[in-house]
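K.L.:
return a 3D structure for these sequence lines:
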Amino acid sequence: EEYRTFFLFIFHCHVLLYLVPLLVRFAEFPLALTAMFLFLCSLFKPYVTLGDTHLMLSFFAIFIHITHHTKSIYIMVSCVMTVGLIGQSYFGSWVYTGTGNANFFYFVLIAYTVFLCT
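P.N.:
Here you go, the predicted structure:
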């Protein structure tokens, strides 16, 4: 109980530790810095949401010249779509039929975060 505030601070604010190296490396590219920091924020949140990820993915329209060099775009899109479909089926089995549990959603969050890292 005495370390509760410390762990809560580290759990929610550790993303700010990545800001200093990004500022040093990408100081002359503020738009790229914003995009990378939004990606890190959406990736390391305790509970990843689709809204955060879509905000980060909206920057792909700005950096379209970089996406031409991506070799595994098909794998990335298919993995995110697969996790989205699995999440919908787990939601249906948990809420409507009552056969699932919260560990299903925890698996979907972990898989979604891993696929975002690819």
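K.L.:
in stretch 109-117, what's buried?
P.N.:
Going by neighbour count (16 or more other C-beta atoms under 10 Å), the buried part of stretch 109-117 is 109, 111-113, 115-116. Every C-beta, even on glycine, is put in place using the N, C-alpha and C of the backbone.
K.L.:
mind listing which of those residues are in helices?
P.N.:
Counting by DSSP state H, the part of the buried residues of stretch 109-117 found in helices is 109, 111-113, 115-116.
K.L.:
any idea which of the residues you listed is closest to residue 73?
P.N.:
Nearest to residue 73, judged by C-beta to C-beta, of those is residue 115 at 12.7 Å.
K.L.:
ok, the closest one - contacts?
P.N.:
76, 79-80, 83 (C-beta atoms under 8 Å, 6 or more residues apart in numbering).
K.L.:
just the buried ones from those residues, in ChimeraX syntax?
P.N.:
To isolate the buried subset of the contacts of residue 115 in ChimeraX, counting by 16+ other C-beta under 10 Å, use the following:
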select :79,80,83
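K.L.:
so which of the contacts of residue 115 sit within helices?
P.N.:
Among those, the residues falling in helices (DSSP H) are 76, 79-80, 83.
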